[in-house]
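[1] Sequence first, predicted coordinates after that:
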Amino acid sequence: GNALTLGSTNTDDVFVYTCQVHLLPTDQEMSECNLRHECGVLAVVLSENGRRSTDLASTIHTGLLALQHRGQESAGVAISDGTTIYSHKGMGLVTSAFQKRDLLELSEKASLLGIGHTRYSTMGTSELRNTQPLVVDTVHGSLGVAHNGELVNAKSLRQQVMKNGVGLSTQTDSELITQCLSMCPPDGEPNGADWPARIKGFMKMSETAYSMVIMTGTTVYAVRDPVGNRPLCLGKLQPTSKFDCPESPFGKRRRTSSDAGCDDTDSGCSSNVSPSISVPSPARSGKPEGQCFGWVVSSESCVFHGIGADLVREVLPGEIVEVTQNGFKSCGTVSRQMADRSPSLCIFEYVYFARADSVLEGQMVYNVRRQCGKQLALEAPVEAELVSTVPESATPAAMGYAEQLGIPYVEVILKSRYSGRTFIQPDDRARRLGVLRKFSPLTENFHDKRVVLVDDSIVRGNTIKPIISLLKSKGAKEVHVRLASPPLKHPCYMGINIPTREELIANHMEASELGHHLGADSLVYLSHDGLISAVHKRISKDQPGGVGHCSACLTGKYPVDLEW
């Protein structure tokens, strides 16, 4: 499907027509894709200091670029001047959805607070009307919502909303959430707008799966579902002078008066946490004292470094955090319906979705992936001359595997960043050669050698099979595949685009049969227990909010009851 957008400008009676074609993935390209996350959310609230020196729209735009991996279909920004919300949304990548003039127009209109979103759809079609943030008018003024996840009870919730006389114009969960938030809470609002009560009311109506940022005229609410299935974290905007020194923003540093309310000491952290990270304790409130420029809420902490922010803490499962220019405070948590169950953060955030430099549950994702590789080496060693990877998300696991066995890690293929899409080739031969355009062999590195090829997962096997064939055709003596996660066997209903059971190759072949099918000399998955062990290795036993993970796509055991 091609989306064609035409526009024109008139300057001194000279008309200039521009045409932008956004190519959406066809079924053929989708069959070649790996897993996709649904969305990334972001919010920025500037303090008085921040408003004098920080451009709100461009800061959100920069942050969305760091969340691009969580959604590539569309992007949007909504900002507020305290009374009115202005927005711009577009299809495609962030760089396509926003032109310089779009950011300038937003900057001229508002500079107090704003939210942003990158989208990949699992509910609702890929078109502009479904792009977020969604902005609606309520009895208390404008409301903007950006949401990541998928409501497991969306069908019954839609019926409930429509029975109350509310019409819905899209099939997206995000519109459903927005309409629920627009309804008055059960106990009314005798003292005026009570957004925390409205949010808690919605959270009791739908337990999972969502992390979202909700914006009113002067306030952002960071909300994470009671199950904790989707990640969400809080950061503090710092003056740029703080980042002039070479020290990492996650490293140790001298505390200053601007740190009031943002405890970034090691209190509450396990001694086995990576020394490169100073994990904050869960401060319930903070004020913009000293040179604090404001606050940031994001799906992932990888956003913070690029916009000059520090990680304060993660939003707890079921928690509502209120953020204004005067600081942040926790509005409490909504308990899980089954209180005896642990939280259920999606374990594939560690395996694949989250960016490697993000921090989840007090540990860097990169180090967890490396530990998965070490655990895989303990479970499935093999005699070989070198270890390599399918670029790029499995690289830490491959390095961990190599380190554990004392085998050199060597690159055997390079991935082209500019190869384009294989589905728009003019003939069948060109399409079949698509993988050769994407990957170039480093023949001298592996010729006449036994290679261990580490990948994070296999969905359909369409990518790794031609890579194995390529390596063998260029002289690899043996190719042994090691996968840093268990076999994917079940679909996800909480915001991840995992294909149906019939499309997942692990449901049709055991590991040995699959290895033969792919042309590998052997193939072994990381065990489920091994994955859990690697993820838990560095997590503090006193982790705020508790520790637990959803691995339903591996086991078929979902953290909540499903409607279907």
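    Perfect, thanks for sending it. All of these numbers come straight from a predicted model, not from anything done at the bench. Residues are numbered from 1 along each chain as shown.

[2] wait, residue 82 sits on residue 112?
    Yes: look at residue 82 against residue 112 with Cβ atoms under 8 Å: they come within range, at 5.4 Å. Backbone N, C-alpha and C define where each C-beta goes, glycine included.

[3] Identify the contacts common to those two.
    residue 218 (Cβ atoms under 8 Å, 6 or more residues apart in numbering).

[4] Mind checking which of the two has more residues around it?
    residue 112 (20 against 13; other Cβ atoms under 10 Å).

[5] Contacts only, for that one.
    Listed by Cβ under 8 Å, 6+ apart, the contact set of residue 112 reads 45, 46, 51, 56, 79, 80, 81, 82, 218, 325.

[6] Please, a PyMOL command that selects the buried ones among those?
    Listed next is the PyMOL selection for buried residues among these, using 16 or more other Cβ atoms under 10 Å:
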select buried, resi 45+46+51+56+79+80+81+218+325
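
[7] So which of the contacts of residue 112 belong to strands?
    Among those, the ones falling in strands (DSSP state E) are 45, 46, 79, 80.

[8] mind putting those residues in a markdown table, pLDDT and distance to residue 480 included?
    A markdown table is the format used below for the ones in strands among the contacts of residue 112 (pLDDT from 0 to 100; distance: Cβ to Cβ, whole Å):
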| residue | pLDDT | distance to residue 480 |
| --- | --- | --- |
| 45 | 97 | 51 |
| 46 | 96 | 53 |
| 79 | 96 | 52 |
| 80 | 95 | 55 |
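
[9] from these, which is closest to residue 535?
    Using Cβ to Cβ, residue 45 is the member of these that lies nearest residue 535, at 31.8 Å.

[10] Please report how far the closest one lies from residue 104.
    21 Å (Cβ to Cβ, to the nearest Å).

[11] beta partners for the residue nearest to residue 128 when sequence neighbours are not counted?
    Once flanking residues are discounted, residue 128 sits nearest to residue 91: 5.9 Å by Cβ to Cβ, 6 or more residues apart in numbering. For residue 91, the beta-bridge partners under DSSP bridges are residue 74.

[12] Hmm, residue 91 is touching residue 74, no?
    Yes: if you go by Cβ under 8 Å, residue 91 and residue 74 touch, sitting 5.0 Å apart.

[13] Compare these two (neighbour count), which wins?
    Taking other Cβ under 10 Å, residue 91 and residue 74 do not tie; residue 74 has more neighbours (26 against 19).

[14] Pull the contacting residues for that one.
    With Cβ under 8 Å, 6+ apart, residue 74 has these contacts: 89, 90, 91, 92, 97, 118, 119, 126, 128, 130, 131, 132.

[15] gap between it and residue 68?
    11 Å.

[16] And for residue 470?
    Taking Cβ to Cβ, one finds residue 470 at 28 Å from residue 68.

[17] quick one, which of these two is more surrounded?
    Neighbour count, other Cβ under 10 Å: between residue 470 and residue 68, residue 470 has more, with 19 against 15.

[18] ok but that one is inside a helix, no?
    Yes: under DSSP: H, G, I helix; E, B strand; the rest coil, residue 470 falls within a helix.

[19] Quick one, grab the pLDDT at it.
    Here the pLDDT value assigned to residue 470 is 93.

[20] That one is in contact with residue 436, isn't it?
    Yes: with contact defined as Cβ under 8 Å, residue 470 counts as touching residue 436 (7.0 Å).

[21] thinking again about what came up before, could the ones in strands among the contacts of residue 112 be laid out in a markdown table, adding distance to residue 338?
    Formatted as a markdown table, the ones in strands among the contacts of residue 112 follow (distance: Cβ to Cβ, whole Å):
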| residue | distance to residue 338 |
| --- | --- |
| 45 | 34 |
| 46 | 40 |
| 79 | 39 |
| 80 | 37 |
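
[22] center of this structure, which residue is that?
    Nearest to the mean C-alpha position of the chain, by Cα atoms, centre = their mean, lies residue 70 at 4.3 Å.

[23] beta partners for residue 479?
    Going by DSSP bridges, residue 479 forms beta bridges with residue 451.

[24] could you list every residue that touches it?
    For residue 479, the contact set (Cβ under 8 Å, 6+ apart) comprises 451, 453, 468, 471, 472, 519, 520, 521.

[25] Please convert those to JSON lines, extending it with neighbour count and distance to residue 211.
    Formatted as JSON lines, the contacts of residue 479 follow (neighbours: other Cβ atoms under 10 Å; distance: Cβ to Cβ, whole Å):
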{"residue": "451", "neighbour count": "25", "distance to residue 211": "39"}
{"residue": "453", "neighbour count": "27", "distance to residue 211": "34"}
{"residue": "468", "neighbour count": "23", "distance to residue 211": "37"}
{"residue": "471", "neighbour count": "27", "distance to residue 211": "40"}
{"residue": "472", "neighbour count": "17", "distance to residue 211": "43"}
{"residue": "519", "neighbour count": "16", "distance to residue 211": "40"}
{"residue": "520", "neighbour count": "24", "distance to residue 211": "38"}
{"residue": "521", "neighbour count": "19", "distance to residue 211": "42"}
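
[26] Need those residues in CSV (columns: distance to residue 180).
    Listed next are the contacts of residue 479 as CSV, based on distance: Cβ to Cβ, whole Å:
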residue, distance to residue 180
451, 53
453, 47
468, 49
471, 52
472, 55
519, 51
520, 49
521, 54
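
[27] Relative to residue 214, which of those residues is nearest.
    Nearest to residue 214 among the contacts of residue 479, with distances taken as Cβ to Cβ, is residue 453, at 44.4 Å.

[28] which SS class is the closest one?
    Under three-state DSSP, residue 453 comes out as strand.

[29] again with residue 547
    Judged by three-state DSSP, the three-state class of residue 547 is coil.
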